[in-house]
Every structure is written in C-alpha cells, then in structure tokens.
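A.B. asks: Have a look; sequence and predicted model below, questions after that.
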Amino acid sequence: MRTIKFRAWLKAESKMCTVDLLRFDTGVFLIGAEPGADHYSSDGKLRVNAPDNGRFVFNGEFDLMQFTGLLDKNEKEIYESDRVCDPYANPGEGELFTVKYDNEMARFILDGEGDADWDETDWQIYDNIYESKPTKQIIQ
C-alpha cells in the first residue's frame, strides 16, 4: 500500500514545510513554519493546538504537493512539483521533467520537452518548481 503524505510551499515565507495535519475545510498544520498562535473556530472552540515546531496555515496561504510513492536514485522521496533528471545522460544533455498529477489518467506524469516514463531510468531529483536552480547545472 502506498504511503499518503504531503508537503507544502508556504507562500509568505517562501519555505517548503512538512504537512502534519490536513483539514480540507480550513487548511493545514505545517512543521517548520514559524510558530503561530492556537487556531480557534468561529464558535470559539480550540481546533488546533500550535506547538513550537510550526503553525496552522489557512487555505490559499500554501501550495500543497502529494508524495508520489516513488523514490529517486538516492532514496529521496519524489513529490508533485519536483523537477527530475536522468542522472545517466551525457554531461550537459540532461533534460528536466516536472512531476505533475494528471487528473484524467489519475496518475503522476513527467512533463517536459521530450518523452519520459517513470520506468525508463532511475530518476534523480534536481530541484522543485519553487526552489529552482539554474538549469545549466543539471548534470556536470
């Protein structure tokens, strides 16, 4: 069975965080975000007790990315919005593919200039769409 987990890009802090709690009606609790206050609902009841290692963030303040269930050649988890490359390509010829979710096919795909399939190679995470590096550094 595939592990279901998420990470989130916190827009205000330009920071990638681990998702500890996900509430589709209100937001997420992010580990690694600057600590914040406890979150109360409109009826005054405590909904999320904010510990020192993160804070509750409301929908619209973050971009959510799901774990694909796959690992790269270095055993690093591959998430939606990661950019991956073929580590065995000739120097300077490595092409980047962005991991995206295809709603019509209900699967994660590799989006890039050429054709790519998950089974073709041991992919290596290069960066993600939020923390991108210059592409000339792809394979050196």
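C.D. replies: Thanks, I have it.
A.B. asks: Could you list the low-pLDDT ranges of the protein?
C.D. replies: In the predicted model of the chain, residues 27-53, 90-94, 120, 134-140 satisfy pLDDT under 70.
A.B. asks: 90 instead?
C.D. replies: 1-3, 10-13, 15, 17-62, 85-96, 112-122, 132-140 (pLDDT under 90).
A.B. asks: what bridges to the residue nearest to the spatial centre of it?
C.D. replies: For the chain, residue 65 is the residue whose C-alpha lies nearest the centre (Cα atoms, centre = their mean; 4.0 Å). Taking DSSP bridges as the rule, residue 65 bridges to residue 7.
A.B. asks: what about the strands in the protein?
C.D. replies: 6-10, 15-23, 27-31, 39-40, 46-48, 54-58, 62-71, 77-79, 82-85, 97-102, 107-111, 124-128 (DSSP state E).
A.B. asks: What about residue 81, how many residues nearby?
C.D. replies: 20 (other Cβ atoms under 10 Å). (C-beta placed from N, C-alpha, C; glycine too.)
A.B. asks: Run through the residues that contact it.
C.D. replies: By Cβ atoms under 8 Å, 6 or more residues apart in numbering, the residues touching residue 81 are 9, 63, 65, 98, 99, 100, 128, 129, 130.
A.B. asks: picking that back up, next, format the strands of the chain as JSON lines and append distance to residue 117.
C.D. replies: Converted to JSON lines, the strands of the chain look like this (distance: least, Cβ to Cβ, whole Å):
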{"stretch": "strand 6-10", "distance to residue 117": "24"}
{"stretch": "strand 15-23", "distance to residue 117": "27"}
{"stretch": "strand 27-31", "distance to residue 117": "32"}
{"stretch": "strand 39-40", "distance to residue 117": "42"}
{"stretch": "strand 46-48", "distance to residue 117": "41"}
{"stretch": "strand 54-58", "distance to residue 117": "35"}
{"stretch": "strand 62-71", "distance to residue 117": "12"}
{"stretch": "strand 77-79", "distance to residue 117": "14"}
{"stretch": "strand 82-85", "distance to residue 117": "12"}
{"stretch": "strand 97-102", "distance to residue 117": "10"}
{"stretch": "strand 107-111", "distance to residue 117": "7"}
{"stretch": "strand 124-128", "distance to residue 117": "15"}
